[in-house]
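**Student:** take a look and give me a structure for this.
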Amino acid sequence: MSIPDRTSLPVACTLTPGTGAAQLAAWREFTDDNLLDIDRDPGQVTAHHARVDEAVVRLTELVRTEQSCCAFAAWSIDTSHPDLRLTVTGADDALDALTFLEHTPAPTRKEAR
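**Tutor:** Reported below is the predicted structural model:
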């Protein structure tokens with residue numbers, strides 16, 4: 001992995017450079033194929049994905065890897081909606097580093113009420 005690729009990983013990520021590059025590529029492919037929308041709220045990011053064949057399996061594998069390398073966040077997959085939802089919770093600055101969850105600029109964060 002080149003230096004610019006390594007900086008794409010969150011600072012607290014424990015993946016090796018080679019494994020990290022493969023994980024980032026897998027996320028890019030998954031989001032390009034399935035991402036519908038993303039919501040950013042204080043302490044939480046929710047990514048909405050198309051519920052298509054193999055999406056649950058692919059997302060589960062991605063999340064399994066993230067849970068082992070990015071312990072600074074809690075990862076949850078919700079299959080009880082028409083779309084497939086990934087919710088990640090944690091400190092705002094840590095969540096801001098998870099740009100690989102989306103392939104478009106992040107929507108403006110909703111203000112805490």
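**Student:** from here on, just use CA atoms for contacts and neighbour counts.
**Tutor:** Noted.
**Student:** what is the longest helix of the protein by residue count?
**Tutor:** helix 17-34 (DSSP state H).
**Student:** list the buried residues for that one?
**Tutor:** Within helix 17-34, the residues that qualify as buried are 17, 20-21, 23-24, 26-28, 30-31, 34, counting by 16 or more other C-alpha atoms under 10 Å.
**Student:** in terms of secondary structure, what does it contact?
**Tutor:** helix 3-6, helix 55-69 (3 or more C-alpha pairs under 8 Å, 6 or more residues apart in numbering; DSSP states H and E).
**Student:** tilt between the longest one and helix 17-34?
**Tutor:** Looking back up the chat, that one is helix 55-69. Here helix 55-69 runs at an angle of 150 degrees relative to helix 17-34 (axes from the mean of the first three to the mean of the last three C-alpha atoms, to 10 degrees).
**Student:** which residues does helix 55-69 contact?
**Tutor:** 13-15, 23, 26-27, 30, 34, 73-75, 77, 84 (C-alpha atoms under 8 Å, 6 or more residues apart in numbering).
**Student:** next SSE downstream of that helix?
**Tutor:** The first helix or strand that comes after helix 55-69 along the chain, using DSSP states H and E, is strand 73-78.
**Student:** so what are the sheet partners of that following strand and their directions?
**Tutor:** Applying DSSP bridges, strand 73-78 is found paired with strand 84-90 (antiparallel).
**Student:** buried ones in the partner strand?
**Tutor:** Those buried within strand 84-90 under the rule 16+ other C-alpha under 10 Å are 84-90.
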